[in-house]
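K.L.:
coords please:
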Amino acid sequence: MLQFRYGLLLVWLGLSFVIGPVQLRAQSGNCARLVWADEFDNTGAPDAARWNFETGGGGWGNNELQIYTDNRNNSYVSNGTLKIHARKTDGTWTSARMVTSGKASWKYGRFEIKARLPLGKGTWPALWMMPQQSVYGTWPKSGEIDIMEHVGYDPGRVYGTVHTEAYNHKNGTQKGGNTLVANVNSEFHVYAIEWSETEIKWFVDDKLYFTFVNENKTYREWPFDQPFFLIFNIAIGGDWGGAQGIDPALTEAVMEIDYVRVYSKTIAKPVISGPSLVQPGQQATFSTAAQGDLQYRWLLPEGVTEVSGGATNTITVNWNDRPGQVRVEVFSPCETVASDPFEVGILGKPAGEYWPIPITGEGGALLWSAVAGAGNQISLRVENGELVVTFNIQSPSENPYIVLNLPQVTDLRKHREMMLQLMAQVGQAPSNMRLDLLDINLQNDLTDLFKIDNPTADGQFHPYQRVFSMNASGGYQPDKIRQIRIYFNYGILGQKGAGEFRLKELKMHDPNFTSATLPNQLAQASLYPNPAAGQVELFSSRPFSAVILTAVSGQIVKKDHFSPVNHRIIDLHGLAPGIYLVTVWAEGQPAEYFKMVKQ
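P.N.:
Below you'll find the model as predicted:
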């Protein structure tokens, strides 16, 4: 291939790198970088990863004669160059129209094509660009950029032009320039544009011959704020190419292209893809689209550790046991562009026989809230670890409910049996109730409902329970439960009325639980003393990193995270006497449970 000529285009100062077999050396003092290229070093068909073909005839809007094909009679690569070969066979012209549409498109940059043009009256070779999406409407509203056009009856004169709604040849208002180029059919020349948000410049062999400036009015003058794709073709005849007729002796025309290169001075804002939910300790991979030879810097939450790929566009990490944000910065020596934060939540996966549904959080804050609807009143409070719901429902059709947004999205496919204790005084109970498990999209399974009709009202607590099927059907995701709702006095069967009820010991139960379902139990773990007063000590031969204390009401009363240890003293001061569930975490998941008595 011919040596790279344009000396102020690449990013890295003094850095050499290779794209295909052509070595490109960066020069100091600028920030352009190669983002796409075809050096045409293969043999045979053009690279299908880069090029599509537009085929057919019908004049192409300009009364052209050729029929475009995708066969090797009209387009092929040999001896390091692409040939677009127009041929006349039995009075019919065929040619090729190659496009990057659907493969690559760009907004702004420098576009270079090194080409040798055909001669012959009636030929109309073109190197040009059209919008990938016609967001402003059909031609010419969404624009056209002609990097190079040449008509055979005016040999050696090349044209650079734009077409917009305000400026186009149909109205005689098109904007463009032209220049004479010596030996266009016997020598290669570099045809280029530099396109920014303020202007487009046209060059031949690095010599500027036309500039189109953004007037900063409307899309009618400047629709060039969208991605455009490349088009290479030879037309025969047509309104311009055939304006002075076609040489009857002409039987073929070849445009030969040595390379096409696209450079960019801007860095696209990176967008992160990856899992939005992870389990504690899970290995997760996050990525952003690769941008040529740029560098990457990933910003991770504290406690999330890199496994591999931290300096690339893809990183694999070990996640900790807390939600957090992932960011990435893409940078060159001249610019740094950061992504928006990518939120990563924790997917809870209960272990053991029971999973308490909390009523209050740390500090005793109430975690439940009420959605009463118009004409209704609901108030919530906590007494003796019980959730007390006082209500006055006059519009059951508003479907009043109380709701718990779970501290983390939770997989409840195993713990699928809901249990609770419910108490109401005589005449104070709701007329009907329904308990829903809603997934991350706030969808539930309407074929699998926990209903309580006419709950007992005698001033005593009564147990209620239901085993959900937890089928992933109709888009429902039981492995990602986000919310628990309790409807009451709701729907067409709900009755108007006022009253009060109490809930306690809300929990999810694994109906298939056996001791064998805890494969990650800590070896030789012990809690001492038990019962305990001021403090208790936890020992284990296997390191653990968190301890959570939960009251029998479901309230989390203490949460302690730390670096992995084999021994930990747990301070019990401030806890009321009673029975607590101690959950010990190891390697990012629950590993052991103790029932502890606080004196």
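K.L.:
Using just helix, strand and coil, how would you label Ala290?
P.N.:
Secondary structure assignment for Ala290 (DSSP: H, G, I helix; E, B strand; the rest coil): coil.
K.L.:
Check it and give its pLDDT.
P.N.:
With respect to pLDDT, Ala290 has a value of 90.
K.L.:
Check the contact between it and Val328; I expect there is one.
P.N.:
No: in this structure Ala290 lies outside contact range of Val328 using Cβ atoms under 8 Å: 11.8 Å. Bear in mind the C-beta positions are built from the backbone N, C-alpha and C, glycine included.
K.L.:
Neighbour count: these two, which is higher?
P.N.:
Comparing Ala290 with Val328 by neighbour count (other Cβ atoms under 10 Å), the higher total belongs to Val328, at 23 against 13.
K.L.:
can I assume that one is in contact with Ala338?
P.N.:
Yes: the criterion here is Cβ under 8 Å, and Val328 meets it with Ala338 at 7.4 Å.
K.L.:
Which residues are in contact with each of the two?
P.N.:
Pro270 (Cβ atoms under 8 Å, 6 or more residues apart in numbering).
K.L.:
I'd like to know how far the residue most central in space within the chain sits from Leu435.
P.N.:
By Cα atoms, centre = their mean, the chain has its centre lying nearest to Ser273, at 4.3 Å. Between Ser273 and Leu435 the computed distance is 36 Å (Cβ to Cβ, to the nearest Å).
K.L.:
Identify the bridge partners of the nearest residue to the residue nearest to the centre of the chain once chain neighbours are set aside.
P.N.:
For Ser273, ignoring the flanking residues on the chain, the nearest one in space by Cβ to Cβ, 6 or more residues apart in numbering is Ser287 at 5.7 Å. Residues in a beta bridge with Ser287, per DSSP bridges, are Ser273, Thr314.
K.L.:
mind checking pLDDT for Ser287?
P.N.:
With respect to pLDDT, Ser287 scores 97.
K.L.:
hang on, isn't it packed against Thr316?
P.N.:
No: if you go by Cβ under 8 Å, Ser287 and Thr316 don't touch, sitting 9.5 Å apart.
K.L.:
Please say which of those two ends up with more neighbours.
P.N.:
In this view Ser287 and Thr316 are compared by other Cβ under 10 Å, and Ser287 has more residues nearby, 18 against 15.
K.L.:
any shared contact partners between Ala290 and Val328?
P.N.:
Shared contacts of Ala290 and Val328, defined by Cβ under 8 Å, 6+ apart, are found at Asn313.
K.L.:
pLDDT-wise, which helix or strand of the chain ranks last?
P.N.:
Lowest mean confidence among the helices and strands of the chain (mean pLDDT, DSSP states H and E): strand 16-19, at a mean of 31.
K.L.:
any weak-confidence spans in the stretch 451-599 of the chain?
P.N.:
Where the stretch 451-599 of the chain drops to pLDDT under 70, the residues are 514-524, 552-554.
K.L.:
Quick check: Val254 touching Arg87?
P.N.:
No: in this structure Val254 lies outside contact range of Arg87 using Cβ under 8 Å: 9.4 Å.
K.L.:
burial count for Gly102?
P.N.:
Quick note: Gly102 (other Cβ under 10 Å) scores 10 neighbours.
K.L.:
ok, it to Gly44 distance?
P.N.:
Gly102 is 21 Å from Gly44, by Cβ to Cβ.
K.L.:
Lys201 now?
P.N.:
Distance from Lys201 to Gly44, by Cβ to Cβ: 35 Å.
K.L.:
the more surrounded of these two?
P.N.:
Using other Cβ under 10 Å as the criterion, Lys201 and Gly44 rank with Lys201 on top: 18 against 9.
K.L.:
elements contacting the helix or strand the more buried one falls within?
P.N.:
Per DSSP states H and E, Lys201 falls inside strand 199-204. On a contact count with 3 or more Cβ pairs under 8 Å, 6 or more residues apart in numbering; DSSP states H and E, strand 199-204 meets strand 157-163, strand 189-195, strand 207-213.
K.L.:
Select, out of these, the one closest to Gly177.
P.N.:
Distance to Gly177, taken as Cβ to Cβ, is lowest for strand 207-213 among the helices and strands packed on strand 199-204, at 2.6 Å.
K.L.:
With only the CA atoms kept, save that closest one in PDB.
P.N.:
The C-alpha coordinates for strand 207-213 follow below in PDB (Å, rounded to 0.1, in the frame of the first residue of the first chain):
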ATOM      1  CA  LYS A 207      -5.000  21.400  -0.700                       C
ATOM      2  CA  LEU A 208      -8.200  23.200   0.500                       C
ATOM      3  CA  TYR A 209     -10.500  24.300  -2.300                       C
ATOM      4  CA  PHE A 210     -14.000  24.800  -0.700                       C
ATOM      5  CA  THR A 211     -15.500  25.400   2.700                       C
ATOM      6  CA  PHE A 212     -19.200  25.200   3.600                       C
ATOM      7  CA  VAL A 213     -20.000  27.000   6.800                       C
END
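K.L.:
Could you tell me how far the helix or strand that it is followed by lies from the centre of the chain?
P.N.:
Tracing the chain past strand 207-213, the next element assigned as helix or strand by DSSP H and E is strand 228-236. Its chain's C-alpha centre and that of strand 228-236 lie 33 Å apart, by Cα atoms, centre = their mean, to the nearest Å.
K.L.:
Specify the angle between strand 228-236 and strand 189-195 in degrees.
P.N.:
Computed by axes from the mean of the first three to the mean of the last three Cα atoms, to 10 degrees, the angle separating strand 228-236 from strand 189-195 equals 140 degrees.
K.L.:
I figured Ser105 hits Met130, correct?
P.N.:
No: Ser105 is not in contact with Met130 according to Cβ under 8 Å; the separation is 9.3 Å.
K.L.:
Quick check: neighbours shared by the two?
P.N.:
Counting by Cβ under 8 Å, 6+ apart, the shared contacts of Ser105 and Met130 are 228-229.
K.L.:
and the closest residue to Pro350 other than its chain neighbours, what is it in contact with?
P.N.:
Excluding the flanking residues, the one nearest Pro350 by Cβ to Cβ, 6+ apart is His415, at 5.0 Å. Contact analysis of His415 by Cβ under 8 Å, 6+ apart lists 350, 354-355, 508-510.
K.L.:
For His415, give its distance to Ala546.
P.N.:
For His415, the distance to Ala546 - Cβ to Cβ - is 19 Å.
K.L.:
do Thr447 as well
P.N.:
Thr447 sits 38 Å away from Ala546, going by Cβ to Cβ.
K.L.:
With Asn405 instead?
P.N.:
For Asn405, the distance to Ala546 (Cβ to Cβ) stands at 22 Å.
K.L.:
Between these two, which has more neighbouring residues?
P.N.:
Using other Cβ under 10 Å, the more surrounded residue of Asn405 and Ala546 is Ala546, with 20 against 13.
K.L.:
can you tell me the helix or strand for that one?
P.N.:
Ala546 belongs to strand 535-551, assigned by DSSP H and E.
K.L.:
List the strands paired with that strand, with their directions.
P.N.:
Partners of strand 535-551 in the sheet, by DSSP bridges, are strand 526-528 (antiparallel), strand 556-571 (antiparallel), strand 578-586 (antiparallel).
K.L.:
Can you tell me which of those is packed in deepest?
P.N.:
Across the strands paired with strand 535-551, averaging neighbours per residue (mean count of other Cβ atoms under 10 Å) puts strand 578-586 on top, at a mean of 19.
K.L.:
Just to be sure, Ser101 is in a strand?
P.N.:
No: going by three-state DSSP, the assignment for Ser101 is coil, not a strand.
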